[in-house]
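Visitor: Next comes the sequence, and after it the predicted model I'd like to discuss.
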Amino acid sequence: MAAQYPEQYYEFFRKFNVGEYYECHDLLEDIWMEDKTNKFLQGMLQLAVGIYHFECGNMKGARWMFTNARKYLANYTPVYWSLNVEQVIDYIEECLAALPEIDSIPYQEVKSIPFPYRKLQLEQQS
């Protein structure tokens, strides 16, 4: 039987894959608030918030969020809640490498910075 997760978890991936990163945060925060010991959810929250900070020009905030997301998710490899966490950590590394070594840039200039946007997908359950 396939594992069942909270509906907000599935909705997180739908929103993430269309670039609605702020909304992703709200979705996972709802279930994370019920169990703050779940660092997996906190790591996924911080991944989405990191991209949101990047898009707003806050490179320092993005770097901080990505670094913490990587730290939290490292304890959940290789796969957790049907997500290949190792691939997500590799993606976070790509995101960190793409950030310029400055604290912030004007919002209007963000689109000129190459960024490795990716879609996240849950693994099939048997």
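Guide: Looks like it arrived, so ask away.
Visitor: thought S82 was touching Y76?
Guide: No. S82 lies out of contact with Y76 (C-beta atoms under 8 Å); the separation is 11.6 Å. C-betas here are computed from N, CA, C, even on glycine.
Visitor: Settle it for me: which of these two has more neighbours?
Guide: Y76 (20 against 15; other C-beta atoms under 10 Å).
Visitor: gap between the more buried one and L96?
Guide: Separation of Y76 from L96 (C-beta to C-beta, to the nearest Å): 18 Å.
Visitor: shaky segments in this protein?
Guide: By pLDDT under 70, the weakly predicted segments of the chain are 1-2, 125-126.
Visitor: Can you tell me the element the residue most central in space within the chain falls in?
Guide: Centroid-nearest residue in the chain, with C-alpha atoms, centre = their mean: L47, separated by 2.4 Å. According to DSSP states H and E, L47 maps onto helix 39-55.
Visitor: Tell me if I'm right that G61 and E55 touch.
Guide: No. If you go by C-beta under 8 Å, G61 and E55 don't touch, sitting 10.9 Å apart.
Visitor: Can you report how many residues lie near F115?
Guide: For F115, using other C-beta under 10 Å, the count is 15.
Visitor: Enumerate every residue touching it.
Guide: The contact partners of F115, taken as C-beta atoms under 8 Å, 6 or more residues apart in numbering, are 54, 95, 98.
Visitor: hmm, 10 Å instead?
Guide: 51, 54-55, 62, 94-95, 98-99 (C-beta atoms under 10 Å, 6 or more residues apart in numbering).
Visitor: So it versus A98, what's the distance?
Guide: 5 Å.
Visitor: tell me, what's touching those two both at once?
Guide: By C-beta under 10 Å, 6+ apart, the residues touching both F115 and A98 are 54, 62.
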